[in-house]
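Novice: Next comes the sequence, and after it the predicted model I'd like to discuss.
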Amino acid sequence: MASILHPLRIGKHIAQYPIVQGAMAVGVSGAKLAGAVANAGGVGTIASLGLGLHSPYFHQRKRGSFFEANRLALIDELTKARSISPDGAIAVNILVATKDYPVLAQTAAAQGANLIITGAGLPLSLPEYTADYPDVALVPSVSNLFSAQLICQIWQRKYNRLPDALIVENCQQVGGHFSQCEDVNSPGFSIESVISQLREYFQQHLGVKIPLIVTGGIGDRTDIDRILAIGVDGVQIGTRFITTEECDADERYKDYHLQSSAADIVTVPSPVGKPSRALRNFFAEQAITDSSTTQERRCIANCLETCLCRDTGKTYCLLQALSKAALGDLEHGLIFSGANVRYTERIMSVTELMAELTQPHKPMVSNVVVQRKNPLQVN
C-alpha cells in the first residue's frame, strides 16, 4: 500500500501535497490551471512566456510593446489565479533566456507570487531582482550537480542566501526543452545518481537540506511513489495536467494529447539551441527535416536573448509555434509533451486528477493504445 503523501515546504510556503504543476507555455498553464491546482493542494504554476502575445496590451507595430504586454498580462494572470485560490501556493515560471526575465521576476514578486521557478538558464542574479520580497521562494531548475553548485556558490557569495528548493530535470523524460544527456546510459546521468550527488553536496559542503523536486515522466501515483522513494521531497508534473478541464489551452490541444501514444513522441530542434520533446504532427516533421517553407521565421517580439530564428533565419519562431498549438492549430503549431503519455482516456477536473494522484494507486483501467479519430496527415 502506498504511503501517505506529506506536505511540501518551500521557503515559507507549504503545499498540502508534494506536487508542483509544471509550467507549459504559451497559454497552456495560465491562471485557470494554476489556481485550480493551488486550490486542490498542490503548487499551481503560471508560465510567463508569451503571456502578452494575445493580450489587449500588445501592439505589434509599437516598439517594445511585447515586453510591457507581458508584464501587464502577468499581473492579470496572478490576480485571476489568486481569486481562484486565495490561500494556495502559486508560482510563476520565468525563463532566464528571455529578455524580460528581470522585469517579470520583479513583477511576479511584487504582485504576490509565492514562488518563482526558473528554467532555460542559470538564474545567477535572481535574488537581486526579488530582494524587496524576502518571503518569495526562489526555485531554480537544474539538470546536474554542476549547475546546482554554481548557483549555490554565487548566491551565497553575492546575496548570502541559497535556493529555497531545486527542480531537478530528468532529461530522459521531461517535456519541452531539455538538457542533452550526452551519456544517457551512464550511471552519472540517472536521476537517482544526480539526486544522490546533490544530497551529498548539500550535506557535506553546505550543511543544509534543500528540498529537491524531480520533473520528467511522472503521471500517476505509482510514478510519484517511485520518485519519492529515491529520497526527494516532491515531484513536478506537467503533461498530465493538460488533459484537465481547467487547462488554459484549446480543447483540441487537450484532445490531441489524450489520443497520443508513446510512438508519437519526437525530438524537435528549437530556436533556443536545445532539443525539445513534443508530439508528432506536420509542424514537428517539417522542423525535424528543416524542409518547411510555411513555418513562421519572422521574429515578432525579439523575446529571447539568443534565437536561431531571429539571428540566423534558421528553425522557426518559438513563440508563435507554441501559441498556434495552444490555440488549436494542431498542424502548424509545436505541441510540447513529456515522454510518458496515455495515463488517461478522458478529460477530468483538476480536483479529480489531484485526488487520483494523492490517493493510493490503483491498477490502470486500460493500457490499450487508442487510434486518433481524426489523425493529422504527416507528409
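Specialist: Okay, I see it. Not measured: the values here are computed from a predicted model.
Novice: Count residues in the vicinity of the nearest residue to E77 once chain neighbours are set aside, would you?
Specialist: Of all residues not flanking E77 in the chain, A31 sits nearest, at 4.4 Å (Cβ to Cβ, 6 or more residues apart in numbering). Quick note: C-beta positions are derived from backbone N, CA and C, even for glycine. Counted with other Cβ atoms under 10 Å, residues neighbouring A31 total 24.
Novice: Quick one: residues contacting A31.
Specialist: By Cβ atoms under 8 Å, 6 or more residues apart in numbering, the contact set of A31 is I46, D76, E77, L78, T79, K80, A81, I84, D248.
Novice: now do 6 Å
Specialist: Contacts for A31 (Cβ atoms under 6 Å, 6 or more residues apart in numbering) come out as E77, K80, A81.
Novice: distance of the closest residue to the second one other than its chain neighbours from P269?
Specialist: Once flanking residues are discounted, K80 sits nearest to A31: 3.5 Å by Cβ to Cβ, 6+ apart. Relative to P269, A31 is positioned 31 Å away (Cβ to Cβ, to the nearest Å).
Novice: can you check V103 too?
Specialist: Taking Cβ to Cβ, one finds V103 at 29 Å from P269.
Novice: And E200, by the same measure?
Specialist: Distance from E200 to P269, by Cβ to Cβ: 35 Å.
Novice: When those two are compared, which one has more neighbours?
Specialist: For E200 versus P269, neighbours defined as other Cβ under 10 Å are more numerous around P269 (17 against 11).
Novice: ok, that one - contacts?
Specialist: Residues near P269 by Cβ under 6 Å, 6+ apart: T315.
Novice: which of the residues in the lengthiest helix in the chain are buried?
Specialist: For the chain, the helix with the greatest residue count under DSSP state H is helix 65-84. Buried residues in helix 65-84, counting neighbours by 16 or more other Cβ atoms under 10 Å, are found at 66-78, 81-82, 84.
Novice: so for the very next helix or strand once past it, what's the average pLDDT?
Specialist: Per DSSP states H and E, helix 65-84 leads on to strand 89-95 as the next helix or strand towards the C-terminus. For strand 89-95, the mean pLDDT works out to 94.
Novice: Then stretch 33-49?
Specialist: On average, stretch 33-49 scores 95.
Novice: Start and end of it, how far apart?
Specialist: Distance between the boundary residues of stretch 33-49 (Cα to Cα, to the nearest Å) amounts to 15 Å.
Novice: now do stretch 345-359
Specialist: First residue to last in stretch 345-359 (Cα to Cα) measures 19 Å.
Novice: And A108, how far from T118?
Specialist: To T118, A108 is 11 Å away according to Cβ to Cβ.
Novice: Compare the two and say which one has the larger neighbour count.
Specialist: With other Cβ under 10 Å as the criterion, A108 and T118 differ in neighbour count, and A108 comes out ahead with 30 against 25.
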